[in-house]
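The amino acid sequence is not available; the structure is as follows:
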């Protein structure tokens, strides 16, 4: 089945600080619809050589991107009421332009959306929605723990009491951070269903392999995108 996708965006103000579901979609429950994911052209991965060695990760940028793309599609299907989730196959790739959307509290977000009146066309799908996901970043970081409790974070050096000194014991927490912006477009009404910013920070305890750690974070991204929508 070939699905052609061309779109228009309509923008409104919202009341939340990081995301919005339009009021007319909040109390709906939509099933058997299709979600088309606009191509995610790149994902910025930040993982220092130091952390690669600490974690024992040995994955390439291409492997990172493939894992993210495949898992995103998988979890958008399993965590939602969508009947079908697939990446969009454009007949004519739409020309995008930066669009500023209000997030409430004088906060705004910018996302690239089609600049002219366009449409979603399908000869067989009853309801089609399109997800735009952009500026995606994945970072593995470590942060030094609070050292305000000396008993907990200081060790002693020296054998005798005369030589004994307190020495700061550095202790760290590790995190995976996902960031980005998203918008879901209703192909029928040509209105935005929802949009927002993604900022998922999950502690990494070092027990999971790279793929499992990434997948747990991607599920959090999907939860952010779907929360409060007719597809959750």
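Cool, the structure landed. All figures in this text were calculated on a predicted structure; none of them were measured in a lab.

Phi first, then psi, for residue 38.
phi -60, psi 140 (degrees, to the nearest 10).

nearest residue to it other than its sequence neighbours?
residue 132 (4.8 Å; Cβ to Cβ, 6 or more residues apart in numbering). Where C-beta positions appear, they are placed from N, C-alpha and C, glycine not excepted.

Report the beta-bridge partner residues of that neighbour.
On the basis of DSSP bridges, residue 132 takes part in beta bridges with residue 183.

Surely it touches residue 193?
No: under the criterion of Cβ atoms under 8 Å, residue 132 makes no contact with residue 193, lying 11.3 Å away.

okay, and the common contacts of the two?
184, 185 (Cβ atoms under 8 Å, 6 or more residues apart in numbering).

OK, contacts around the closest residue to residue 18 other than its chain neighbours?
Nearest residue to residue 18 in three dimensions, chain neighbours excluded: residue 197, at 4.8 Å (Cβ to Cβ, 6+ apart). Contacts for residue 197 (Cβ under 8 Å, 6+ apart) come out as 18, 19, 103, 109, 179, 180, 181.

try 10 Å
Residue 197 makes contacts with 17-19, 101, 103, 107, 109, 111, 135, 179-182, 224, as judged by Cβ atoms under 10 Å, 6 or more residues apart in numbering.

Okay, and it sits in which element?
Using DSSP states H and E, residue 197 sits within strand 192-203.

any idea of the angle the helix or strand just after that strand forms with strand 192-203?
Next along the chain after strand 192-203, taking DSSP H and E as the criterion, comes helix 210-226. Calculated by axes from the mean of the first three to the mean of the last three Cα atoms, to 10 degrees, helix 210-226 forms an angle of 140 degrees with strand 192-203.

Could you list every helix and strand in contact with helix 210-226?
In terms of contacts (3 or more Cβ pairs under 10 Å, 6 or more residues apart in numbering; DSSP states H and E), helix 210-226 is packed against strand 19-21, helix 49-55, helix 61-78, strand 128-144, strand 172-186, strand 192-203.

which of those is buried the deepest?
strand 19-21 (a mean of 23; mean count of other Cβ atoms under 10 Å).

correct me, but the residue nearest to residue 38 touches residue 112?
Yes: assessed by Cβ atoms under 10 Å, residue 132 is found in contact with residue 112 at 7.5 Å.

Quickly list what's touching both of these two.
Common neighbours of residue 132 and residue 112 (Cβ under 10 Å, 6+ apart) are 9, 38, 96, 99, 181, 183.

which of the residues you listed lies closest to residue 84?
Nearest to residue 84 among those: residue 38, at 15.5 Å, using Cβ to Cβ.

need the contact list for that closest one.
Neighbour list for residue 38: 5, 7, 87-88, 90, 93-94, 96, 112-114, 130-134, 182-183, 185 [criterion: Cβ under 10 Å, 6+ apart].

swap in residue 69?
37, 39, 40, 43, 87.

rerun that using 7 Å as the cut-off
residue 40 (Cβ atoms under 7 Å, 6 or more residues apart in numbering).

Based on its surroundings, how many neighbours for residue 35?
Per other Cβ atoms under 10 Å, the neighbour tally for residue 35 reads 23.

That one: which element?
Assigned by DSSP H and E, residue 35 falls in strand 34-37.

Show residues contacting that strand.
Contacts for strand 34-37 (Cβ under 7 Å, 6+ apart): 3, 5, 73, 76, 82-88, 125, 127-131, 133.

So in that sheet, which strands flank it, and in what orientation?
Strand 34-37 is paired, per DSSP bridges, with strand 84-87 (parallel), strand 128-144 (parallel).
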